[in-house]
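> Model the following, please.
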Amino acid sequence: MLGALFAEHYGYAHEVPPDFHVHTDADNVPITMHMAKRAHEHLEVKAAGINHFSWIYDIREKGTGRDMYPLLRQYFMNYRESFEPLTREMFRIFGLMPTAGDSHMCEFLAFTHDPLTKPWEKYNLKLQNWDMNLERRASRLQQARDIVAGKRDVNELRDVKSEGVPEIIEALTYNDNRYFEQLNLVNRGKIPNLPDDAIVEVPGILSSAGIHGLNVPPLPAGIAELCRRELALSSIVVDACVHGDRDLALQALLLDPMMNDIDRARNPSRFLGNLRGVPAAISRRVVAEDSGRAHGSLSEPAVPPLRFALCENAIIPMKKSDADQPALRQNAPQP
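Now for the predicted structure:
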């Protein structure tokens, strides 16, 4: 978003398509990445929050250190109305700019799916194109296979966008003292008004001395509460998975901002079965694999097995032997 908002200021407005947006459909990724690169050439951005729900608290011009937040607010509020209108609304209400973009941020908000007011129409919220994303993944897999087979040049990968894993490994191995704009780490006071044991998203420095997140200012009260609610949901999801507790699972579903009906939460499979466009074969495969692992019908891994309780903002490993502990066995379903 910043790349488009500051395009006129830095003289590359001609590179921004008239209908530019930051939706993550496969065909929109190249121009989105180009705009992000353009912003990175001129701006230093610091954001904090939780994974995929962070908020810019400081933005500076590279080389001068000039505070660009006043201009960011001015440019966004006067940009074309159709550009990420939900992000603009949240910026206006809460005082900081969220980073996720409308089509992803709406998943964290309870006021984006009212069937009477239809806010998805007002804010032009769209689902991802699943078929297009599957095609993109197939294309990437074929590219990798062709490179391994010698049919394509490995240098094609030099300009591929990284999710940061190679850079993290390099920084830790070669003592790069590298600054990362977004790291997901245990809080431990980095965001003072979020729980200490939560996984938060903050900037940080990586070197052979380890991974060190920056301490950031407290989030505004409203933003902190939005993050806390998501973290509470994540914690209950973990507990439900570890204990095999259906009551906790129901509570977690009812805390999800996308859920607005108790019966639907009680029987999500009936609702999910009616979704159009979701690749059913994938969901069936996941269910089959999970069921197989639970009953030992799939081959066991060669390494000592770990079970993981996963959710958006928490990953808790649990040694297999820990399942024998009374505290964890108490609410587990009987075989």
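
> From H104, how far out is the residue positioned nearest the centre of the chain?
For the chain, the residue nearest the mean C-alpha position is H52 (3.1 Å; Cα atoms, centre = their mean). Applying Cβ to Cβ, to the nearest Å, the value for H52 to H104 is 6 Å. In this view, the C-beta of every residue, glycine as well, is placed from N, C-alpha and C.

> Likewise for G222?
Taking Cβ to Cβ as the measure, G222 falls 19 Å from H104.

> more neighbours, these two?
For the pair G222 and H104, the greater number of neighbours falls to H104 (17 against 13), based on other Cβ atoms under 10 Å.

> Just the buried positions in the helix or strand hosting P203, please.
Assigned by DSSP states H and E, P203 belongs to strand 199-207. For strand 199-207, burial by neighbour count (16 or more other Cβ atoms under 10 Å) applies to 199-206.

> Give the buried residues for stretch 85-93.
86-88, 90-91.

> and of those residues, the nearest to G150?
Nearest to G150 out of the buried residues of stretch 85-93 is T87 (Cβ to Cβ; 44.9 Å).

> contacting residues around that closest one?
Contact partners of T87, counting by Cβ atoms under 8 Å, 6 or more residues apart in numbering, are 1, 97-98, 100-102, 105.

> Please repeat the previous calculation with a cut-off of 7 Å.
By Cβ atoms under 7 Å, 6 or more residues apart in numbering, T87 lies in contact with 1, 98, 101-102, 105.

> SS state for it?
When classified by DSSP: H, G, I helix; E, B strand; the rest coil, T87 comes out as helix.

> State the distance from it to F94.
For T87, the distance to F94 equals 11 Å [Cβ to Cβ].

> and the angle from the top helix by length along the chain to strand 199-207?
In the chain, assigned by DSSP state H, the helix with the most residues is helix 221-243. Put simply, helix 221-243 runs at 90 degrees to strand 199-207, going by axes from the mean of the first three to the mean of the last three Cα atoms, to 10 degrees.

> Let me see the contact set for Q182.
Residues near Q182 by Cβ under 7 Å, 6+ apart: 54, 201, 203.
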